[in-house]
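>>> Generate coordinates for the sequence data below:
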Amino acid sequence: MLKLAILGFLYDRPLHGYELRRHLAALTGHVRPISDGTLYPAIKRLEADGLLVRETEPGSAAAPRHTLHLTGAGRAALLDRLREPEPLDVSDENRWFTLLAFLRHLADPAAQAAVLRRRLAFLAEPASFFYEGDRPIGAEEFDDPFRRGLLLVARATTEAELAWLHATLADLEDGPR
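Purely as a prediction, here's the structure:
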């Protein structure tokens with residue numbers, strides 16, 4: 001998820017490490033705060049893999065600033081990841097939102113639609129947070145108001161996402177309405 005987010009934000013424009021961290025925190029920080037001990041080693045790995053380069057610029061104070069730029073290989077890696085997301089990128093809500101934040105970078109509406117159809121197929125499978133054997137337990141089966149609430153909120157979120165997916169797929173496949 002972190003690699004995808006870093007590549008996605010740098011696809012938009014070069015950023016200083018601090019700016020990148022702010023963007024990451026806005027996208028995923030409420031779920032998984034990104035520490036310097038996680039971010040900077042990830043940046044170094046992407047740099048070592050040739051996916052981004054660091055350019056030094058004079059800073060406003062005495063210290064120079066490092067601006068991160070995506071390379072051609074980094075752009076290609078992002079587009080490949082968007083075109084063929086990992087299964088967890090489609091099934092895990094936080095990873096899905098990260099993927100969705102950058103899906104616009106795929107220029108081909110058919111490729112975008114293919115990714116959305118994968119999410120649609122995932123959401124079509126019966127699921128719950130709670131099971132009796134292999135049977136998902138629905139909200140109406142709980143006396144516990146907290147578990148019932150969890151399932152009702154999840155159902156409403158899924159219904160809203162399904163409506164958005166169907167409308168967006170129609171736009172992508174048939175052209176804007």
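>>> CA atoms for contacts and neighbours, from now on please.
Fine.
>>> Which of the three states applies to residue 85?
coil (DSSP: H, G, I helix; E, B strand; the rest coil).
>>> Number of residues surrounding it?
18 (other CA atoms under 10 Å).
>>> The protein: helices as residue ranges?
2-12, 17-24, 36-48, 72-83, 87-91, 93-102, 109-124, 145-174 (DSSP state H).
>>> of the ones you listed, which approaches residue 132 most closely?
For residue 132, the closest of these is helix 145-174, at 14.3 Å, according to CA to CA.
>>> which secondary structure elements does the closest one contact?
helix 109-124 (3 or more CA pairs under 8 Å, 6 or more residues apart in numbering; DSSP states H and E).
>>> what's the helix it packs on in contact with?
82-85, 90-91, 103-104, 106, 158, 162, 165, 169, 172-173 (CA atoms under 8 Å, 6 or more residues apart in numbering).
>>> Quickly list the domain ranges of this protein.
1-78, 108-177 (automatic domain parsing).
>>> Just the buried ones from the contacts of helix 109-124?
Buried members of the contacts of helix 109-124, counted by 16 or more other CA atoms under 10 Å: 82-83, 85, 90-91, 103, 162, 165, 169, 172.
>>> quick one, which of the helices of the chain is packed in tightest?
helix 2-12 (a mean of 19; mean count of other CA atoms under 10 Å).
>>> tilt between it and helix 36-48?
Angle, helix 2-12 to helix 36-48, by axes from the mean of the first three to the mean of the last three CA atoms, to 10 degrees: 60 degrees.
>>> Point out the other helices and strands that helix 2-12 packs with.
If you count contacts as 3+ CA pairs under 8 Å, 6+ apart, helix 2-12 packs onto helix 17-24, helix 36-48, strand 65-70, helix 72-83, helix 93-102.
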